[in-house]
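Participant: Kindly return the folded structure for what I paste below:
(chains A and B)
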Amino acid sequence: MNTALKPKHQRLVLLGLALVALIGAALLAASALRNQASYFYVPSDMAADPPAAGQAVRLGGMVETGSLKTRADGVTVDFVVGDGKARVPVVFTGIVPALFVEGSGVVAEGSMRADGTFLATELLAKHDENYMPRELEDMTAEQKRRAVAETQ
Amino acid sequence: MIAEFGLAALWMAAALAGLQMLAGFASLRGEDEEALGTLVGRSRLSVLRAVKAALSRGDGDDILAALVRPAAVLQALLCALSFAALLLLFIRTDLSVALVAQNSHSAKPFIFKLAGTWGNHEGSMLLWVTVMALAGGLIGLLERRLPERTMLATLAAQAFVGLGFYAFLLISSNPFERLPEPAAEGMGLNPLLQDMGLAFHPPTLYFGYVGLSIAFSFAVGALLTRQVTPDFAKVMRPWVLGAWIFLTLGITAGSYWAYYELGWGGWWFWDPVENASLMPWLAATALLHSASVLASRDALRAWTVMLGVVAFSMSMIGTFLVRSGILTSVHAFAVDPERGTFILALLALYIGGALLLFAVRAGTISEGERFSVMSREGALVVNNVALSAILGIVLLGTLYPLLTEAFGVRVSVGPPYFNPVGAIFFLPMLAVLCVGPLLRWRRDSFERIRKPVVAVAVVALAVLAGVYFAAGIALLPLLGMTMAAAVAVASVMPLRGRSLRRLPLPVWGMVIAHFGMAVGLFGMAADSAFSREKLVAAQVGETVEDGPWRVTLVAVEPVAGPNWTALEATLHASYQGGAPHVVHPQARSFWTPPQETSEAALLTRWNGQLYTVIGGEAEGGRWQLRLWWKPFVTWIWYGGILIGFGGLLALIGRLAGDLRRRSAQAQIALRKGPAA
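Facilitator: All right, here's what the predicted structure looks like:
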């Protein structure tokens, strides 16, 4: 079908296709990244500028002491994540990580619901004493203490 | 003593690598000057050229050249001894060595003591340089088909890269460091890593990852000596193939390990560490295909060299991501900015240097043979472009969180980005995969392959329509299943009309690897379309239904292992009312270091797996149970194994061909000998 084309042109066709594909990939990736990346929020960000309902985001903060409740089905938990300035109610259905306890740090993946609660699809708790979700590392010791103190 | 011996061996290996590099580059320069006098006087900006210029005073070039191969072999031996010393220290749990004290424990089962050797930063980096040295040693010992100066340049490049990692080990991550006082007891190994999967997954992956350094060194050697020929591709191909097989199996094993060990029921998370292993695989896959064009048709010269550089660059970028601690994951052993900076500097030096060399020399690589768009080469170019695009997409998605963090914005990038954007290039690539192997080299016409192509298209459309109306699943799994069916049929088409007994092994390898792609893709699509999850809090004696399964919680009891205690559930699971199978998922608590893990229990059938997890206790004496019925999920890994097996067949075929050629040449030489 392409036999009419000179070899040199055939080469150009391939080169052109390759360029178009690679530039297309870059543009596609750039626009998809802007829309699909899930942003990290702390509760005070949530209060100031909440994400659209249903948009995938991550919420990081301290699990307020006394807020953790298990529902009657035995697998759904409600708790409140706070950072000392704002509080966000969270609901999660699943098996919580072993080190997920009140007063410790957590990063919840999920999205806000229209009623203002955060529907978590996954919880990343402090794995062990050496591991802290990266997003919480920046909270200074003072902030953490305050966050814990205020939520007690 | 053992630690001191290991360290001494490592220092000597590093010194030999230095010698290998200097001798290799210096002897190259002498030849370069004779053969390429026209270039003398031209300014050379490349880093490598500068290194060589500094060595120009050496006058015993032949002696230097004769040193390169023995240095490579000896370096490999010393490095292997050093690694053996570390293995021995871990086996004996020598707690006077800091690394052992930090990562092992006397009460750990033997196999995990062994695996602990590479289950930490320093040990894994020692494994890295050992594999690099072994690869260089093997080339030095065996490879004699290329012009000698290209070989010397290649070995020098291998030593050049190796030196950076030696420096990294010896300066910032010495695995043999002693403690001032021997520790009373070790701190143990991360329990997630105490698993049979770990014993084999990292070494396998490393052989692949680091084995690609050979492609890098061959590319640099070929660029330096301008020997980008079909022979270069033929020599490089089996080495790349070997590394690629390890990489394929390593990724497959890693995916299965994450699947059953992490207890989330997922088999690929687009975690940066997983991406770090996928990116070199994509580049190496592209390289294998373009090398076959260069070997058979003497086309795509510059492109193939470029891919050789890119493939190992991806391995190094992956190492940087994993080892620098800028990521948090099971794989990030240590968060240490000094190490991160060190690896970043190595990255800049090697990748930057190689790309610079490529930029300087690419123009002098003459254009290869031409071919028509409608040809085997044309299809392979599409394959290469698509793989490169996917590679770029994965790389961007992996680095994006780091980029935005520089501007103070924290994001994570996951499946909603990678799956659809990757599929835009992956699915068309599969369509071309259906056609490519049927085409002839150089030029072909669609008329000739019309029949098989129409057959494949009919199968694809039938599956598309059938699955759409019968199951009504989401778009991506639907397209995945369609393409899986098309590729499965198309992959065996090259066998049509050929004598199966006389078919060369590499062709079998291609057919099986492509068929493996179809099998794996079907598993992925089926898992994402038909998985059934059930999450309940159940009383002992209660029965839960999940898809075709009825699962009864029979008991929950405490059990103890060598370094853990656990709550173990006894479940009776029956498939479509058949006889019950017994499974025991556990929630384990380790005490060295203290950590909890969930040990999922799996029931495997030919058509899928039942995945069971026990969680915590809920109110009213109930237990949290999580069940997944995952139809055909195991086909994902069967596919991976088939792909690796296809590669193995191709490798055996190539090596056997080389051996035959060699013995034929030896016979010719023998016959000529007496006559002369």
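Participant: and residue B:365, how many neighbours does it have?
Facilitator: Using other CB atoms under 10 Å in any protein chain shown, residue B:365 has 18 neighbouring residues. In this view, the C-beta of every residue, glycine as well, is placed from N, C-alpha and C.
Participant: SS state for it?
Facilitator: Following DSSP: H, G, I helix; E, B strand; the rest coil, the label given to residue B:365 is coil.
Participant: In contact with it: list those residues for me.
Facilitator: Residue B:365 is in contact with B:226, B:228, B:301, B:302, B:305, counting by CB atoms under 8 Å, 6 or more residues apart in numbering or on different chains.
Participant: Out of the residues you listed, which is nearest to residue A:63?
Facilitator: Distance to residue A:63, by CB to CB, is smallest for residue B:305 among these, at 54.2 Å.
Participant: thinking again about what came up before, mind telling me the two of the contacts of residue B:365 farthest from one another?
Facilitator: Spatially, the most separated pair among these is B:226 and B:302, at 11.4 Å (CB to CB).
Participant: Can you name the residues of the stretch 351-500 of chain B that neighbour chain A?
Facilitator: Residues of the stretch 351-500 of chain B that fall close to chain A, judged by CB under 8 Å from any CB of the partner chain: B:370-374, B:378, B:381-382, B:385-386, B:388-390, B:392-393, B:396-397, B:400-401, B:404, B:409-414, B:416-417, B:420-421, B:424-425, B:443, B:445-446.
Participant: Not counting its neighbours along the chain, what's nearest residue A:38?
Facilitator: Among residues not flanking residue A:38 along the chain, residue A:56 sits closest, at 4.2 Å (CB to CB, 6 or more residues apart in numbering or on different chains).
Participant: Would you check how far apart the nearest residue in space to residue B:261 that is not next to it in sequence and residue B:99 are?
Facilitator: Distances taken as CB to CB, 6+ apart put residue B:195 closest to residue B:261, at 5.4 Å, once the chain neighbours are dropped. Note on residue B:195: its distance to residue B:99, by CB to CB, to the nearest Å, is 20 Å.
Participant: Also residue B:207?
Facilitator: On the measure of CB to CB, residue B:207 and residue B:99 end up 22 Å apart.
Participant: Tell me which of those two has more neighbours.
Facilitator: Neighbours per residue, other CB under 10 Å: of residue B:207 and residue B:99, the larger number sits with residue B:99, 27 against 21.
Participant: In this model residue B:599 seems to touch residue B:612, though I could be wrong.
Facilitator: No - if you go by CB atoms under 8 Å, residue B:612 and residue B:599 don't touch, sitting 10.1 Å apart.
Participant: list residues touching both of these two?
Facilitator: Common contacts of residue B:612 and residue B:599 (CB under 8 Å, 6+ apart): residue B:585.
Participant: Compare the two (neighbour count), which wins?
Facilitator: Using other CB under 10 Å, the more surrounded residue of residue B:612 and residue B:599 is residue B:612, with 27 against 20.
Participant: For the more buried one, give me its contacts.
Facilitator: For residue B:612, the contacting residues are B:551, B:569, B:571, B:573, B:583, B:585, B:600-603, B:625-627, by CB under 8 Å, 6+ apart.
Participant: residue nearest the centroid of chain A?
Facilitator: Closest to where the C-alpha atoms of chain A average out (CA atoms, centre = their mean) is residue A:58, at 2.4 Å.
Participant: SS state for it?
Facilitator: At residue A:58 the chain is in strand, as set by three-state DSSP.
Participant: what's near enough to touch residue 14?
Facilitator: Answering for chain A, as no chain was given. B:373, B:378, B:381.
Participant: if you could check chain B rather than the one you did, that'd help
Facilitator: B:163, B:166, B:167, B:170 are the contacts of residue B:14 under CB under 8 Å, 6+ apart.
Participant: Now do the same for the helix or strand hosting residue B:389: mean pLDDT, whole number.
Facilitator: If you go by DSSP states H and E, residue B:389 is part of helix B:376-406. Summarised as a single mean, pLDDT over helix B:376-406 is 91.
Participant: part of a strand, is residue A:40?
Facilitator: Yes - counting by three-state DSSP, residue A:40 falls inside a strand.
Participant: so who does it touch?
Facilitator: A:57, A:58, A:59, A:60, A:107, A:135, B:410, B:411, B:412.
Participant: Could you measure from the residue nearest to residue B:261 over to residue B:271?
Facilitator: 17 Å.
Participant: What values do phi and psi take at residue A:122?
Facilitator: Listed backbone geometry of residue A:122 is phi -150, psi 140, with angles given as degrees, to the nearest 10.
Participant: Actually, residue B:119.
Facilitator: phi -90, psi 30.
Participant: mind giving me the domain split of chain A?
Facilitator: Using automatic domain parsing, the domain parsing of chain A gives A:1-37, A:39-151.
Participant: can you tell me which of the contacts of residue B:612 lies nearest to residue B:15?
Facilitator: For the contacts of residue B:612, the closest approach to residue B:15 (CB to CB) belongs to residue B:600, at 48.4 Å.
Participant: hang on, isn't that closest one packed against residue B:613?
Facilitator: Yes - using CB under 8 Å, residue B:600 and residue B:613 qualify as a contacting pair, with a distance of 5.0 Å.
Participant: just to revisit the earlier point, more neighbours: residue B:226 and residue B:302, which one.
Facilitator: A direct count of neighbours by other CB under 10 Å for residue B:226 and residue B:302 places residue B:302 higher, at 19 against 16.
Participant: From residue B:365, how far out is that one?
Facilitator: Taking CB to CB, one finds residue B:302 at 5 Å from residue B:365.
Participant: Give me the secondary structure label for the residue in the stretch 401-550 of chain B positioned nearest to chain A.
Facilitator: Nearest residue of the stretch 401-550 of chain B to chain A: residue B:537, at 2.4 Å (CB to the nearest CB). Secondary structure, three-state DSSP: residue B:537 is strand.
Participant: hmm, back to that, any chance of the contacts of residue A:40 in TSV, with pLDDT and distance to residue A:98 too?
Facilitator: Converted to TSV, those look like this (pLDDT from 0 to 100; distance: CB to CB, whole Å):
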residue	pLDDT	distance to residue A:98
A:57	88	25
A:58	87	20
A:59	88	20
A:60	85	19
A:107	85	16
A:135	50	20
B:410	79	25
B:411	83	27
B:412	83	22
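Participant: longest helix of the chain?
Facilitator: Using chain A. Ranked by number of residues, the top helix in chain A under DSSP state H is helix A:7-36.
Participant: that's the wrong chain, I wanted chain B
Facilitator: helix B:634-675.
Participant: From the contact counts, what lies against it?
Facilitator: Judged by 3 or more CB pairs under 8 Å, 6 or more residues apart in numbering or on different chains; DSSP states H and E, the packing partners of helix B:634-675 are helix B:230-261, helix B:505-530.
Participant: so which of these gets nearest residue A:72?
Facilitator: Using CB to CB as the criterion, the shortest distance between residue A:72 and those is 30.1 Å, found for helix B:505-530.
Participant: Packing partners of that closest one?
Facilitator: Helix B:505-530 sits against helix B:415-435, helix B:475-491, strand B:622-631, helix B:634-675, with contacts defined as 3+ CB pairs under 8 Å, 6+ apart.
Participant: Redo these as JSON lines? Include mean neighbour count.
Facilitator: Formatted as JSON lines, the helices and strands packed on helix B:505-530 follow (neighbours: other CB atoms under 10 Å in any protein chain shown):
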{"stretch": "helix B:415-435", "mean neighbour count": "19"}
{"stretch": "helix B:475-491", "mean neighbour count": "22"}
{"stretch": "strand B:622-631", "mean neighbour count": "23"}
{"stretch": "helix B:634-675", "mean neighbour count": "16"}
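Participant: Include distance to residue B:355 and mean pLDDT when you put the ones you listed into a markdown table, please.
Facilitator: Shown next, in a markdown table, are the helices and strands packed on helix B:505-530 (distance: least, CB to CB, whole Å; pLDDT from 0 to 100):
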| stretch | distance to residue B:355 | mean pLDDT |
| --- | --- | --- |
| helix B:415-435 | 23 | 94 |
| helix B:475-491 | 34 | 95 |
| strand B:622-631 | 43 | 93 |
| helix B:634-675 | 28 | 89 |
